[in-house]
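Visitor: Okay, here's the prediction I keep looking at, along with the sequence it came from:
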Amino acid sequence: MVARRDSWLDQAAGPVVRPYAMTRGRTAPADGPQLSMIDLVAATGQRPPDGFRLAPEHRQILSLCHAPVTIVDLASDINLPVGVVRVLLSDLTAHGLLQVLPARHRPMTDARLLRDVLDGLRAL
Amino acid sequence: MDYERSDRPVTGRVSPVTAKILVAGGFGVGKTTLVSAISEIRPLRTEEELSDRGVGVDDTTGVDRKTTTTVAMDFGRISFRADLVLYLFGTPGQERFRFMWDELSYGAIGAVVLADTRRLADCFASIDYFERRGTPMVVAVNCFDGAPAYEPGDIRIALDLDPATPVVLCDARQKNSVKRVLIALVSHVLGQAEASPATV
């Protein structure tokens, strides 16, 4: 971390921690799959491996992922920017604490999904 | 109905199938109105790239290393059943959000391009974008009070649309009207899917 400490003490930012302070300055996941807004994540229930310290935000995410939840709902629930959530999620997937359940990549060719959506819309 | 997944969560719970539809169009055309007419709308914080457009608006003093700033956008969620959820994303119209469009349109069923007949040119950029990407779309003309009324056929000509692209008139404030727009989009996409079945 090379940023000077006073970089984070911006009065105009109000009483919140700068979002990327929670990711220790990282703005992109180190590796792993690129997560889409509607991909789902679910906690695996495994214990954190030795040497990986869970930040409070990691714990908060895990507590919301007992059942599969989309990235976009998760980001909305914890009121953090999507980019920050992605970095935090990549920490958890890299350590086996979270599993990613990808959304359909080509829903426009998935007739069954499209019919189900259509039925759902008609029933609204 | 259950979908087969090769990667069931180890927790053993059913994970829903998720799908998304984009809502695009010019500034002030009614994207947020349309999304909130039919779905539970939720706030989302995301990043936009800081550019000189932000000068005078955002105080960047002392944050010279910062290249993004946090902005709010909305999305809507419609849960059809416990195992099927549709998300609606109002794609931010400004140029400086353009970097998000690729991500938002990846894996989308298709897009609704909202148009206002008083400012038809405002939706050209959205139509161009989705045509280039091959993203299926419908053009929904939001019928504002006092706006000149045109036939969908005239609008199709004015926008130089692909003949297959549906054009529908709507009132973005009315749930049933928005529902018809979404049905028009999904029916259009389903028609294409059935005409050229995917190679599995």
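Guide: Perfect, I can see it now.
Visitor: Mind exporting the C-alpha coordinates of the helix or strand bottoming out on mean pLDDT in chain A to CSV?
Guide: Least confident helix or strand, chain A: helix A:82-94 with a mean of 92, by mean pLDDT, DSSP states H and E. In CSV, the C-alpha atoms belonging to helix A:82-94 read as follows (Å, rounded to 0.1, in the frame of the first residue of the first chain):
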residue,chain,number,x,y,z
VAL,A,82,-20.5,-4.0,-7.5
GLY,A,83,-16.8,-3.7,-8.3
VAL,A,84,-15.9,-3.9,-4.6
VAL,A,85,-18.3,-6.9,-4.1
ARG,A,86,-16.6,-8.7,-7.0
VAL,A,87,-13.2,-8.4,-5.4
LEU,A,88,-14.4,-9.6,-2.1
LEU,A,89,-16.2,-12.5,-3.7
SER,A,90,-13.1,-13.5,-5.6
ASP,A,91,-11.3,-13.8,-2.2
LEU,A,92,-14.0,-16.1,-1.0
THR,A,93,-14.1,-18.3,-4.1
ALA,A,94,-10.3,-18.5,-4.2
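Visitor: OK, contacts around whichever residue of chain B sits closest to chain A?
Guide: Here the residue of chain B nearest chain A is B:Phe80; by Cβ to the nearest Cβ that distance is 3.1 Å. C-beta coordinates here come from the backbone N, C-alpha and C atoms, glycine included. Applying Cβ atoms under 8 Å, 6 or more residues apart in numbering or on different chains to B:Phe80 gives the contacts A:Asp116, A:Val117, A:Asp119, A:Gly120, A:Leu121, A:Ala123, B:Leu86.
Visitor: Just the buried ones from the residues you listed?
Guide: Buried by 16 or more other Cβ atoms under 10 Å in any protein chain shown: A:Asp116, A:Val117, A:Gly120, A:Leu121, B:Leu86, out of those.
Visitor: neighbours around the closest residue to the second one other than its chain neighbours, how many?
Guide: In this case it means A:Val117. The shortest distance from A:Val117 to any non-neighbouring residue, by Cβ to Cβ, 6 or more residues apart in numbering or on different chains, is to B:Val186 (5.3 Å). Residues near B:Val186, counting by other Cβ atoms under 10 Å in any protein chain shown, number 29.
Visitor: residue contacts, B:Val186?
Guide: A:Leu114, A:Val117, A:Leu118, A:Leu121, B:Ile21, B:Ile109, B:Gly110.
Visitor: Note down every partner strand of the host helix or strand of the residue of chain B closest to chain A and its orientation.
Guide: B:Phe80 belongs to strand B:68-81 when assigned by DSSP states H and E. Here strand B:68-81 has these sheet partners by DSSP bridges: strand B:40-49 (antiparallel), strand B:84-90 (antiparallel).
Visitor: Let me see the contact set for the closest residue to B:Gly90 other than its chain neighbours.
Guide: Residue nearest to B:Gly90 in three dimensions, not counting chain neighbours: B:Lys31, with 3.9 Å by Cβ to Cβ, 6+ apart. When the contact criterion is Cβ under 8 Å, 6+ apart, the partners of B:Lys31 are B:Val23, B:Ala24, B:Gly25, B:Gly90, B:Thr91, B:Gly93, B:Leu114, B:Ala172.
Visitor: From B:Ile38, how far off is the closest residue to the fifth one other than its chain neighbours?
Guide: To tie it back to what came earlier, the one meant is B:Thr91. Closest residue to B:Thr91 apart from its sequence neighbours, by Cβ to Cβ, 6+ apart: B:Ala24 at 4.6 Å. Applying Cβ to Cβ, to the nearest Å, the value for B:Ala24 to B:Ile38 is 16 Å.
Visitor: In terms of packing, which of these two has more residues around it?
Guide: More neighbours surround B:Ala24 than the other of B:Ala24 and B:Ile38, with 26 against 22 (other Cβ under 10 Å).
Visitor: And the contacts of the helix or strand encompassing A:Asp73?
Guide: Using DSSP H and E, A:Asp73 falls within helix A:71-78. Here helix A:71-78 makes contact (Cβ under 8 Å, 6+ apart) with A:35-41, A:57, A:60-61, A:64-65, A:69, A:81-82, A:85-86, A:89, B:42-45, B:75, B:77, B:87.
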